[in-house]
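1. can't give you the sequence, but here's the structure:
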């Protein structure tokens, strides 16, 4: 069984579920439950944060200790693989590579506001990684200059992640109102959905994995007191 945790990063995509155990964005305990359900491979893309406990590094290590292949990409998967790749978690895509190498270090770069599952996780803001990639594409196509792209990217970074959309970015950058429609049109024509691209790459990698667990790693998983408390809280009475 190959388990995929994804939601907003696949917005607009109709994913063939064949061969995949599709689950919503991960929260604390979800990867542990996937391992106990028999997962042979896990693709971690999206996850919750804020007022709901996020997927825990320790449960990723537990999965790896059981010979489960764990891939991370695009969103919280990219953040967790930056912290766990030394133990065998596998980064997939440009965003994860940027976090692993240290070219990125701000969690908010991959965050966005979105609607509920019932509405298909419709995005309500844009992640900075997509904005920056699109601005680079606009500069390469001649819609804006490289200096203007850098100025707009800096304005986007100064905004809180829930406020990031191009209209707000242009306003924050002080872009002339008479020229905004031109930039908006160029943005749409050059739009790069980097998170989605990395997610689809992870899906392909996850599908290609053999449907069996691999050998256990050479390091030992330590059942610490926080882990024992977690198991106690996760086990039904």
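-> Received, thanks. Values in this document were obtained by computation on a predicted structure and should not be read as measured data.

2. from what I can see residue 94 touches residue 195, true?
-> No - between residue 94 and residue 195 there is no contact under C-beta atoms under 8 Å: 9.8 Å. Any C-beta I mention is one placed from the backbone N, CA and C, and that applies to glycine too.

3. give me the more crowded residue out of those two.
-> Of the pair residue 94 and residue 195, residue 195 is the one with more neighbours under other C-beta atoms under 10 Å, namely 29 against 18.

4. show me the shaky parts of this protein.
-> The chain contains residues with pLDDT under 70 at 235-237.

5. go with 80
-> Per-residue confidence for the chain (pLDDT under 80) gives these ranges: 50-51, 234-237.

6. show me where it has its helices.
-> Applying DSSP state H to the chain gives helices spanning 30-36, 57-65, 76-84, 93-101, 128-141, 146-158, 166-172, 180-190, 194-208, 225-234.

7. ok now do the residue nearest in space to the middle of the chain, which residues does it touch?
-> Closest to where the C-alpha atoms of the chain average out (C-alpha atoms, centre = their mean) is residue 75, at 1.3 Å. Contacts for residue 75 (C-beta atoms under 8 Å, 6 or more residues apart in numbering) come out as 8, 9, 45, 46, 47, 110, 111, 127, 195, 199.

8. that one and residue 160, how far apart?
-> To residue 160, residue 75 is 17 Å away according to C-beta to C-beta, to the nearest Å.

9. picking up where we left off before, mind checking which of the helices of the chain is nearest residue 15?
-> helix 194-208 (6.8 Å; C-beta to C-beta).

10. now that closest one against helix 76-84, angle please.
-> Interaxial angle of helix 194-208 relative to helix 76-84 (axes from the mean of the first three to the mean of the last three C-alpha atoms, to 10 degrees): 70 degrees.

11. helix 194-208 packs against which elements?
-> Packing partners of helix 194-208 (3 or more C-beta pairs under 8 Å, 6 or more residues apart in numbering; DSSP states H and E): strand 2-5, strand 41-44, strand 69-72, helix 93-101, helix 128-141.

12. circling back to that earlier point, for the residue nearest to the centre of the chain, phi and psi?
-> The phi/psi pair for residue 75 (degrees, to the nearest 10) reads phi -130, psi -120.

13. ok, now residue 112?
-> Torsion angles, degrees, to the nearest 10, at residue 112: phi -150, psi 160.

14. gap between it and residue 187?
-> Applying C-beta to C-beta, the value for residue 112 to residue 187 is 16 Å.

15. contacting residues around residue 189?
-> Contact analysis of residue 189 by C-beta under 8 Å, 6+ apart lists 141, 143.

16. ignoring the adjacent residues along the chain, who's closest to residue 33?
-> Distance criterion C-beta to C-beta, 6 or more residues apart in numbering; nearest residue to residue 33, sequence neighbours excluded, is residue 234 at 7.6 Å.
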